[in-house]
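S.K.: Attaching a predicted model along with its sequence, questions to come.
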Amino acid sequence: MERKRVGIVLFEDIEVLDFCGPFEVFSVVRLDEAKRRQEPSPFEVCLVAEHSEPVTTTGNMKVIPHYTFESCPPLHVLVVPGGWGTRRELNNPVMLEWLRVRAAECETLTSVCTGSMLLGFAGLLNGLHATTHWRSLSWMRDSFPEVIVESQKHVVEDGRVVTSAGISAGIDMALKVVARYFGEDTARTTAKHMEYPYPDTNERRVTF
């Protein structure tokens, strides 16, 4: 089995569930539920940051990345989480250039919450449908006039680019990616293992 490598980007003041939610989904997938303890996930999940030092998240969790931007191997799936730290990273040319390079190489490009703003400022959403945290929808519209901003959808799929709404939406996004690669039955089994309701509808879960 060729495992699909998923790279999840880390940065200071990242929202915890933005990256932990997708990490959990991708890491607990099994193609044979009866061999859950014997076989690994078909996804190899890694955390990637600009530097090798521990990253401090929102809430003061310390996280050690597996790879730096320079040492990161090729990726099949790239996940860009959000959080308050995105505001700083929007002005980080190293981050934006790394995203451009890796986005061109990967099969599936995804974001959670305001991670889509990083994709937008890297020029990776022009002409596409996309979404973000409900508090940042106006920011997205004002910043990217060439992006069709979806305000009512929980997860927005436009070709190989998948963006999602705020924080917990990253779990739903990851389940959709699982379904893309290994089918809906596998995605549903993954959600059941997590005791998480499978997203049968794609309506945004908050009103605003």
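M.R.: Done, it's in.
S.K.: Just read off the phi/psi values of the closest residue to residue 26 other than its chain neighbours.
M.R.: Sequence neighbours aside, residue 43 is the residue nearest to residue 26 in space, at 4.1 Å (criterion: Cβ to Cβ, 6 or more residues apart in numbering). Just so you know, the C-beta spots here come from the backbone N, C-alpha and C atoms, and that holds for glycine as well. As for residue 43, its main-chain torsions (degrees, to the nearest 10) stand at phi -110, psi 130.
S.K.: from memory residue 43 sits against residue 3, does it?
M.R.: Yes. Residue 43 is in contact with residue 3 according to Cβ atoms under 8 Å; the separation is 6.4 Å.
S.K.: what are the phi and psi values for the spatially most central residue of the chain?
M.R.: For the chain, residue 79 is the residue whose C-alpha lies nearest the centre (Cα atoms, centre = their mean; 3.3 Å). When read as degrees, to the nearest 10, the backbone of residue 79 gives phi -110, psi 120.
S.K.: what pairs with it across the strands?
M.R.: When bridges are taken as DSSP bridges, the partners of residue 79 come out as residue 8, residue 110.
S.K.: okay, it: pLDDT?
M.R.: For residue 79, the pLDDT comes out at 99.
S.K.: How much space separates the residue lying closest to residue 27 once chain neighbours are set aside from residue 201?
M.R.: Closest residue to residue 27 apart from its sequence neighbours, by Cβ to Cβ, 6+ apart: residue 45 at 5.0 Å. For residue 45, the distance to residue 201 equals 27 Å [Cβ to Cβ, to the nearest Å].
S.K.: Compare those two and say which is more crowded by neighbours.
M.R.: Higher neighbour count among residue 45 and residue 201: residue 45, with 23 against 8, using other Cβ atoms under 10 Å.
S.K.: mind listing the strands in this structure by residue range?
M.R.: In the chain, the strands defined using DSSP state E lie at 4-9, 43-49, 55-56, 62-63, 67-68, 77-80, 108-111, 129-130, 148-149, 155-158, 161-164.
S.K.: Count the residues that sit near the residue nearest to residue 143 when sequence neighbours are not counted.
M.R.: Excluding the flanking residues, the one nearest residue 143 by Cβ to Cβ, 6+ apart is residue 120, at 6.1 Å. Look at residue 120: counted by other Cβ under 10 Å, it has 25 neighbours.
S.K.: On the pLDDT front, check residue 120 for me.
M.R.: pLDDT at residue 120 comes out at 98.
S.K.: which ones are touching it?
M.R.: 130, 140, 143-144, 147 (Cβ atoms under 8 Å, 6 or more residues apart in numbering).
S.K.: quick one: which of the residues you listed has the most company?
M.R.: Result: residue 130 is most packed of those (other Cβ under 10 Å), 26 neighbours.
S.K.: To what extent is the nearest residue to it once chain neighbours are set aside buried, counted in neighbours?
M.R.: Leaving out its chain neighbours, the residue that sits closest to residue 130 by Cβ to Cβ, 6+ apart is residue 163, at 4.3 Å. Residues within reach of residue 163, counting by other Cβ under 10 Å, total 32.
S.K.: For residue 163, name its beta-bridge partners.
M.R.: Going by DSSP bridges, residue 163 forms beta bridges with residue 156.
S.K.: Is it in contact with residue 136, as I believe?
M.R.: No. The criterion here is Cβ under 8 Å, and residue 163 misses it with residue 136 at 11.5 Å.
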